[in-house]
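**Student:** What follows is a predicted structure for the sequence shown.
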Amino acid sequence: MESRRSNRQLSSALCYSSSTKGGQARSPSVIVIGGGIAGLAAARALYDASFQVLLLESRDRLGGRVHTDYSCGFPVDLGASWLHGVCEENPLAPLIGRLGLPLYRTSGDNSVLYDHDLESYALFDMDGKQVPQELVVEVGITFESILEEANKVRQEYSEDMSIQEAFSLVFERRPDLRLEGLDFKVLQWYLCRMEGWFATDADNISLKCWDQEELLPGGHGLMVRGYLPVINTLAKGLDVRLGHRVTNIVRRYNGVKVTVEDGRIFAADAAIVAVPLGVLKSQSIRFEPKLPDWKEAAIADLGVGIENKIVLHFEKVFWPNVEFLGVVADSSYGCSYFLNLHKATGHSVLVYMPAGQLAKDIEKMSDEAAANFAFTQLKKILPDASSPIQYLVSHWGTDINSLGSYSYDVVGKPHDLYEKLRIPVDNLFFAGEATSSSYPGSVHGAFSTGLMAAEDCRMRVLERYGELDLFHPVMGEEASISVPLLISRM
């Protein structure tokens, strides 16, 4: 059996040389480390370009931080669930279109702050009283004014600061923008939503870099059937080894050797490292020789935040027919929001989505306690809420395979760290959302970096082989059929 083969036998499965014992040329080989969307995109592209591809994944499933759960009897995404930029320009659009996967558009606004339109919200105070919609809109306008003033602060100060610090300066300059009472609580809810976008608290969000990502047109669309069909399509036909946690990567001029937790060794011409930033930060993978100082600095200086989901499945719907329910409070930490999946999918599910310090604190709880905490927040606004019949809880911050949800710009650090993390080191290539300077923290960002890493790898390896004309590019020349996206808005 394969698990009992010797290291030498396993190593020979993928070897450095460009010919076999019989002198017959073989295809170039690559090991992809990490079976998330970036790793799968890279593996798929290189496999289609006639490379020998081995994908090593530490989990017992593919997808990484894309995880569609079916234990409720229908798909629920515990990780990524939106397509940010519902448009043909999105690199994932052709695949989603060909698969016929429906999208529920939750916003026509391209702002990084709002993945839902304001009219789709219902906000409540702690006493269960609904906040008048006119007030929500008015405070939203004030919040935009505060951001505009913060931009002036950014232009005046050479040193970076947090969004929290910038807001304090704005209030000193423009006391007319200070709010009190219910208005102040709604403002904290807007800040809470901003923190959710970056998966960290306002005192960690960089004023210089918070709006540096590129925004695709078309607003935001929820994947109604989940992302798993995309994962399965990318993985079809690939040599995937689940439960293979990589502990060591040795790079030499003529190839790489990759060691997994049980001591087995795999070898290839090159490797693509597509593990989450949190895993790189943990140094659970040893690189020999060690990575250059500039690469290690990029890993250390990029931030990784936490946003989790607590899925509450109910027997029947008892809440308003809106896409989001929100709770306003005296601080952003005390605010909360629930995604109404019934609006998009027809299933009686609310998803509580804590981020930043709140998410960290909830991760210290048991799943039952976390679900009870979320339900307690719901009872504050809907006192007659019935108890859930089932719950699911994600743990992206403490999960050893992720150690965080997605990346963000740290105060005082440059935005070009994303690009530095992406740049290859010899025959090691890097992919993942934290290597995307244009689309960090997004599925399409991770997907596009997988394709870029595959193309860089293809060019580098085939240059050594001297056979650039024998293999097809992994990007750009495939005559893909464009299928319109299936978009709805109930």
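**Tutor:** Happy to help now that I have it.

**Student:** going forward, measure contacts and count neighbours with C-alpha atoms only.
**Tutor:** Will do.

**Student:** Does His347 touch Leu341 like I think?
**Tutor:** Yes. Assessed by Cα atoms under 8 Å, His347 is found in contact with Leu341 at 6.3 Å.

**Student:** Give me the mean pLDDT for the helix or strand hosting Ala344.
**Tutor:** In the assignment (DSSP states H and E), Ala344 maps to helix 341-345. Here helix 341-345 scores 93 as its mean pLDDT.

**Student:** Residues touching that helix, excluding its own?
**Tutor:** Helix 341-345 has contacts (Cα atoms under 8 Å, 6 or more residues apart in numbering) with 104, 222, 224, 317, 321-323, 347-351, 489-490.

**Student:** In PyMOL, how would I select just the buried ones from those?
**Tutor:** Selection of buried members from the contacts of helix 341-345 for PyMOL, criterion 16 or more other Cα atoms under 10 Å:
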select buried, resi 104+222+224+317+322+323+347+348+349+350+351
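
**Student:** Just name the closest of the contacts of helix 341-345 to Leu358, please.
**Tutor:** The nearest member of the contacts of helix 341-345 to Leu358, counting by Cα to Cα, is Val351 at 15.3 Å.

**Student:** how close does the nearest residue to the closest one once chain neighbours are set aside sit to Arg225?
**Tutor:** Counting by Cα to Cα, 6 or more residues apart in numbering, the nearest residue to Val351 once its immediate chain neighbours are dropped is Val311, at 4.5 Å. Using Cα to Cα, to the nearest Å, Val311 is found at 16 Å from Arg225.

**Student:** Of these two, give the one with the bigger neighbour count.
**Tutor:** Counted by other Cα atoms under 10 Å, Val311 and Arg225 do not tie: Val311 has more neighbours, with 26 against 18.

**Student:** quick check, nearest of the contacts of helix 341-345 to Val250?
**Tutor:** Using Cα to Cα, those come closest to Val250 at Leu222, 40.4 Å.

**Student:** so that closest one touches Leu83, yeah?
**Tutor:** Yes. Contact criterion Cα under 8 Å: Leu222 and Leu83 qualify, at 6.3 Å.

**Student:** Can you tell me the element Val311 falls in?
**Tutor:** With DSSP H and E as the test, Val311 turns up in strand 310-313.

**Student:** ok, then the element right after that strand?
**Tutor:** Next in sequence after strand 310-313, counting helices and strands by DSSP H and E, comes strand 324-327.

**Student:** re the thing from before, list the helices and strands the helix or strand just after the helix holding Ala344 packs on?
**Tutor:** Beyond helix 341-345 on the C-terminal side, the first helix or strand identified by DSSP H and E is strand 349-352. Judged by 3 or more Cα pairs under 8 Å, 6 or more residues apart in numbering; DSSP states H and E, the packing partners of strand 349-352 are strand 310-313, strand 336-340, helix 341-345.

**Student:** Those: which one's closest to Met365?
**Tutor:** Closest to Met365 of these, according to Cα to Cα: strand 310-313, at 12.1 Å.

**Student:** Quickly run through the sheet partners of the closest one, with directions.
**Tutor:** strand 349-352 (antiparallel), strand 390-393 (antiparallel) (DSSP bridges).

**Student:** Now tell me what touches the last one from outside.
**Tutor:** If I follow you right, that is strand 390-393. By Cα under 8 Å, 6+ apart, the list of residues contacting strand 390-393 reads Cys72, Leu78, Asn308, Lys309, Ile310, Val311, Leu312, His313, Phe314, Asp367, Ala370, Ala371.

**Student:** buried residues in that strand?
**Tutor:** Those buried within strand 390-393 under the rule 16+ other Cα under 10 Å are Tyr391, Leu392, Val393.

**Student:** how far does that strand sit from the chain's center?
**Tutor:** Centroid separation between strand 390-393 and its chain, computed with Cα atoms, centre = their mean, to the nearest Å, is 21 Å.

**Student:** Put the alpha carbons of the helix or strand encompassing Val30 into PDB.
**Tutor:** Using DSSP H and E, Val30 sits in strand 29-33. Extracted as PDB, the C-alpha positions of strand 29-33 are listed here (Å, rounded to 0.1, in the frame of the first residue of the first chain):
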ATOM      1  CA  SER A  29       6.600  18.300 -12.400                       C
ATOM      2  CA  VAL A  30       5.300  20.600  -9.700                       C
ATOM      3  CA  ILE A  31       4.100  20.200  -6.100                       C
ATOM      4  CA  VAL A  32       1.200  22.500  -5.100                       C
ATOM      5  CA  ILE A  33       1.000  22.900  -1.300                       C
END
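
**Student:** those strands in the stretch 151-300 of the chain, which residues are they?
**Tutor:** Using DSSP state E, counting those that start in this stretch, the strands assigned to the stretch 151-300 of the chain run over residues 220-223, 239-241, 246-252, 255-260, 265-268, 270-273, 286-288.
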